[in-house]
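A.B. asks: next one to model:
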Amino acid sequence: MPIRAVLMNDTRADRHFGCLRVMRLIEKRLAGQGIEIAGRSPIRNDWENDRAFLDAMGRSDLVVINGEGTFHHGAQSALRLLKVVDHPARAGKPVALINTLYQDNPKEWRRYLDKIALVSARDSRSAAEIEALTGRRTPVVPDMSLSDGMLAAPGGPGRDRILVGDSVSRTLSRTLREIARHSPDTFFLPILTTLKAPRAHWPFPIRQLREAFIHAHAAAAGALDRKILFSRTEEEFIAHLLRARLHVTGRFHAVCFCLFTGTPFLAVDSNSWKIAALLDDFGLGRQRLVTAEELRERLAQGGAEDYSDEERARIEAGLRLCTEKARDLFGEIAGLARDGGDVRRG
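C.D. replies: Prediction:
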């Protein structure tokens, strides 16, 4: 009989290629362990009032929370996820919090973490913060988007352009888009399917109006600016990156894509330590992490930011380790479900 799990914080609703890849690979890894998904709670979902999800939790053997970039600076959306440990529908089933950033959260959250059977951080800084708070061993398994290993060798023919991406910061996104618009051989590549995120948690019909607006906005922007490259699928987004000699981005997941596609990058820091922490864990240093002010100067040098031999070796070794650690993590998750009960590991 298969193990059944519910999956919380399903980030696919934002149509962000990093999140789409993360969720696809989490589900692939769960299926590889004989775990089927009985229910999903989307990002920002009011799961406590979602009867279908609660019913699925009641029929399941395991609760898996995809932490991703949610757990920082005391976000209420993160606290809402942690509260699953106290919900009656959980009924003592083991909870696994995986793939999580953890930064600058209230000390009071320890009471929730103590009830979670397995916690896995996606970077060493987050693991250290959880360990200092709870006193428990916290394994580091880098972001799930990296768990399928290297897709393409760095460099190679056909990389003939600079791609400039976006950011969670609207101000930085505008700056990046202006750079792409006014620089030769440079194109703007959003990591979303559109220029603005949908709001799947908004009530109908406001959600439908938002959908119509973001698609009309993207169509108008594309008609006015031929240097915007929209991607309909993860595969199209990757294909664009494989043509780039450099990708400039303010997005954590775009950096992840650059690692496994062998695409040189420059990154402008985000709303947490996630990019810097990823670079530290891969041993890449900070030379590719720039401020918005430094970015124009670096690009003025012609975008000659190819990976060094040492960087290539570190990236390839890091990706191999990601694959191994993800395999071990999901084996442990399956073990939790087989053992059953409110068991704390670490």
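
A.B. asks: ok, which stretches of the stretch 51-200 of the chain are helices?
C.D. replies: 51-59, 76-82, 110-113, 124-134, 170-182 (DSSP state H, counting those that start in this stretch).

A.B. asks: buried sites along the longest one?
C.D. replies: Counting neighbours by 16 or more other C-beta atoms under 10 Å, one finds that the buried residues in helix 170-182 are Leu172, Ser173, Thr175, Leu176, Arg177, Ile179, Ala180. (Glycine included, C-beta is placed from N, CA and C.)

A.B. asks: which one of those sits closest to Arg44?
C.D. replies: Comparing the buried residues of helix 170-182 against Arg44 with C-beta to C-beta places Ser173 closest, at 20.5 Å.

A.B. asks: count the residues that sit near Ala127.
C.D. replies: Residues within reach of Ala127, counting by other C-beta atoms under 10 Å, total 22.

A.B. asks: over to Asn45?
C.D. replies: By other C-beta under 10 Å, 20 other residues sit near Asn45.

A.B. asks: helix, strand or coil for it?
C.D. replies: coil (DSSP: H, G, I helix; E, B strand; the rest coil).

A.B. asks: just checking, it touches Ala52?
C.D. replies: No. Using C-beta atoms under 8 Å, Asn45 is not in contact with Ala52; the gap is 10.8 Å.

A.B. asks: strands along the protein, start to end?
C.D. replies: For the chain, strands defined by DSSP state E occupy the ranges 3-10, 35-42, 62-68, 95-100, 118-121, 161-167, 186-188, 244-250, 265-268, 289-290.

A.B. asks: of all those, which one is nearest Ile26?
C.D. replies: With C-beta to C-beta, the closest approach to Ile26 among the strands of the chain belongs to strand 62-68: 6.2 Å.

A.B. asks: can you list the strands that that closest one pairs with?
C.D. replies: strand 3-10 (parallel), strand 95-100 (parallel) (DSSP bridges).

A.B. asks: for the stretch 51-200 of the chain, which spans come out with low pLDDT?
C.D. replies: Applying pLDDT under 70 to the stretch 51-200 of the chain picks out residues 152-157, 198, 200.

A.B. asks: dump the buried residues of helix 170-182 into JSON lines; add distance to Gly34 as well.
C.D. replies: Supplementary listing: the buried residues of helix 170-182 in JSON lines, determined by distance: C-beta to C-beta, whole Å:
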{"residue": "Leu172", "distance to Gly34": "43"}
{"residue": "Ser173", "distance to Gly34": "42"}
{"residue": "Thr175", "distance to Gly34": "47"}
{"residue": "Leu176", "distance to Gly34": "43"}
{"residue": "Arg177", "distance to Gly34": "45"}
{"residue": "Ile179", "distance to Gly34": "48"}
{"residue": "Ala180", "distance to Gly34": "46"}
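
A.B. asks: farthest pair in those residues?
C.D. replies: Longest span within the buried residues of helix 170-182, C-beta to C-beta: Leu172 and Ala180, 12.7 Å.

A.B. asks: which neighbours do the two share?
C.D. replies: Applying C-beta atoms under 8 Å, 6 or more residues apart in numbering, one finds that no residue jointly contacts Leu172 and Ala180.

A.B. asks: circling back to that earlier point, pick the most buried one from the strands paired with strand 62-68.
C.D. replies: Ranked by mean neighbour count, the strands paired with strand 62-68 are led by strand 95-100 with a mean of 26 (mean count of other C-beta atoms under 10 Å).

A.B. asks: what angle separates that one from helix 124-134?
C.D. replies: Using axes from the mean of the first three to the mean of the last three C-alpha atoms, to 10 degrees, one finds that strand 95-100 and helix 124-134 are set 140 degrees apart in direction.
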